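S.K.: here is a sequence together with a model predicted from it:
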Amino acid sequence: MIAGVLKEKTGETRVALVPEIVKQLVRQSVTVWVEAGAGAQAFYPDEAYTEAGAVIKPAADILQQADLLLGLGLSDHHIREAIPEGKTLAGIFQPLYNTGLMQKAATRRLTLFSLDTIPRTTRAQSMDVLSSQANIAGYKAVLLAAYTYSRYFPMFMTAAGSIAPAKVLVLGAGVAGLQAIATARRLGAVVEVFDTRPAVKEEVMSLGGRFIEVEGAADASQAGGYAVEQTEAYKRRQEEKIADSIAKADIVITTAQIPGKPAPVLVTRAMLERMRPGAVIVDLAAATGGNTALTQDSSTVQHNGVTIIGNSALAATMPVDASKLYARNLFNFLQLIIREGQLAPDFEDDIVQGACITRNGAVVNERVKALGSLVV
């Protein structure tokens, strides 16, 4: 079996496989082909791949002859034209937001395994690409905020006077939020945290954050670690609590997302008007609309002295470690679909089922079908 790794689309610095994982696949009798320069932006040169046992090949050869194509994302061009019909792919395809693209993949009889839909269970932790990449994003969000912010993070006592510590508000205490809390605390900030899931309060407090409680949250225990839709009454109470905290905040890190839906707007224009000049917001949910009323994806907006940074691709700013973690997640998943060096997915396995989006000319993932009502 040949596993192929292509260069990612423009702007993506990560690579699906790193040399140390190539070496492990080769030991399992898998032939690995890598497009020239595929790992260059993540600082993995072609020579490192060849030393690990991979073969450097042109993209055309990989597309035509590889049995399994490994990557991070997919472009519409890849689905419609470049990838031959019947191929198997594994990556992060965001199928809950790209139902139309998934339909096209089904029409071309592509078998897609999207690692971002793997069930977030204990058994699947080693394959959880969302967590490994979100951890980096939460860390970098705080560093980006600190770089942009016009004041110190920690408290300073000097002969010229005292500097109060920065007040950081984190909206959403998932993996990215928890890492943001830990990083902000290490930098000396005072941290408040809001999340609709009361169950995360203990984790927040263990990291040194103050948890903001709002009564009456909908049960999110079956949502796989994500936020869920809330009642209008709860949203009103939530808005009041956030408004009080955001008026005092110097830094706001927002991370809240709901699978298959636009990100909830937690920071309204009225809240932005109350923030102090010089405050900074880093919105990690920008790709799905953002958690503020003025967020623009991949852009920085200035509003009344408040800087709003929309960036949902912060993991790609640390491509060496991000690629290493992703490749390890991918390798662990491949153990479920490769047997004795051959592609042999066990479609009865709950993790394989959860990751499989299209197969045999149809969209087979129930969550994606429910969102798009897709019929081939």
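M.R.: Looks like it came in fine.
S.K.: low-scoring stretches of this structure, by residue?
M.R.: For the chain, the stretches with pLDDT under 70 are 75-80, 216-230, 372-376.
S.K.: please, where are all the helices along it?
M.R.: Assigned by DSSP state H, the helices in the chain fall at 19-27, 46-52, 59-65, 76-77, 99-107, 129-148, 175-186, 201-206, 232-246, 269-274, 319-334, 350-355, 366-372.
S.K.: of the ones you listed, which stretch is the most buried?
M.R.: helix 175-186 (a mean of 25; mean count of other C-beta atoms under 10 Å). Where you see a C-beta, it was placed from the backbone N, CA and C, and this is true even at glycine.
S.K.: got the CA positions of that helix in PDB?
M.R.: The C-alpha trace of helix 175-186 is given here as PDB (Å, rounded to 0.1, in the frame of the first residue of the first chain):
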ATOM      1  CA  VAL A 175      -8.900  22.600  25.600                       C
ATOM      2  CA  ALA A 176      -8.000  26.000  24.100                       C
ATOM      3  CA  GLY A 177      -9.500  27.900  26.900                       C
ATOM      4  CA  LEU A 178      -7.800  25.900  29.600                       C
ATOM      5  CA  GLN A 179      -4.400  26.300  28.000                       C
ATOM      6  CA  ALA A 180      -5.200  30.100  27.700                       C
ATOM      7  CA  ILE A 181      -5.900  30.200  31.400                       C
ATOM      8  CA  ALA A 182      -2.700  28.400  32.300                       C
ATOM      9  CA  THR A 183      -0.600  30.600  30.000                       C
ATOM     10  CA  ALA A 184      -2.100  33.800  31.200                       C
ATOM     11  CA  ARG A 185      -1.600  32.800  34.900                       C
ATOM     12  CA  ARG A 186       2.000  31.900  34.100                       C
END
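S.K.: show me what it is packed against.
M.R.: On a contact count with 3 or more C-beta pairs under 8 Å, 6 or more residues apart in numbering; DSSP states H and E, helix 175-186 meets helix 129-148, strand 167-171, strand 190-194, helix 201-206, strand 251-254.
S.K.: can you tell which of these is closest to Gly305?
M.R.: helix 129-148 (12.6 Å; C-beta to C-beta).
S.K.: picking up where we left off before, now the helices of the chain as JSON lines including distance to Ile253?
M.R.: Formatted as JSON lines, those follow (distance: least, C-beta to C-beta, whole Å):
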{"stretch": "helix 19-27", "distance to Ile253": "31"}
{"stretch": "helix 46-52", "distance to Ile253": "35"}
{"stretch": "helix 59-65", "distance to Ile253": "38"}
{"stretch": "helix 76-77", "distance to Ile253": "32"}
{"stretch": "helix 99-107", "distance to Ile253": "29"}
{"stretch": "helix 129-148", "distance to Ile253": "5"}
{"stretch": "helix 175-186", "distance to Ile253": "5"}
{"stretch": "helix 201-206", "distance to Ile253": "13"}
{"stretch": "helix 232-246", "distance to Ile253": "12"}
{"stretch": "helix 269-274", "distance to Ile253": "15"}
{"stretch": "helix 319-334", "distance to Ile253": "18"}
{"stretch": "helix 350-355", "distance to Ile253": "29"}
{"stretch": "helix 366-372", "distance to Ile253": "28"}
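S.K.: so for Lys87, which of those sits nearest?
M.R.: helix 59-65 (8.0 Å).
S.K.: what residues does that closest one touch?
M.R.: When contacts are defined by C-beta atoms under 8 Å, 6 or more residues apart in numbering, helix 59-65 is touched by residues Ile2, Gly4, Val5, Leu6, Lys7, Trp33, Glu35, Leu69, Ala82, Ile83, Pro84, Lys87.
S.K.: those, buried ones only, as a ChimeraX selection?
M.R.: Here is the ChimeraX command that selects the buried residues among the contacts of helix 59-65 (16 or more other C-beta atoms under 10 Å):
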select :2,4,5,6,7,33,35,69,83,87
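S.K.: quick check, nearest of the contacts of helix 59-65 to Asn98?
M.R.: Ile83 (15.2 Å).
S.K.: ok, so what distance separates the closest one from Val364?
M.R.: According to C-beta to C-beta, to the nearest Å, Ile83 stands 18 Å off from Val364.
S.K.: can you check Leu314 too?
M.R.: Plainly put, Leu314 is 32 Å away from Val364 if you go by C-beta to C-beta.
S.K.: next: Thr111.
M.R.: Per C-beta to C-beta, Thr111 is found 9 Å from Val364.
S.K.: related to what we said a few turns ago, would you tell me which of the helices of the chain gets closest to Ile163?
M.R.: helix 129-148 (14.0 Å).
S.K.: which residues touch the closest residue to Thr300 other than its chain neighbours?
M.R.: Excluding its sequence neighbours, the residue lying closest to Thr300 (C-beta to C-beta, 6 or more residues apart in numbering) is Ile309, at 5.0 Å. Contact analysis of Ile309 by C-beta under 8 Å, 6+ apart lists Leu144, Ala145, Thr148, Val280, Ile281, Val282, Asp283, Thr300.
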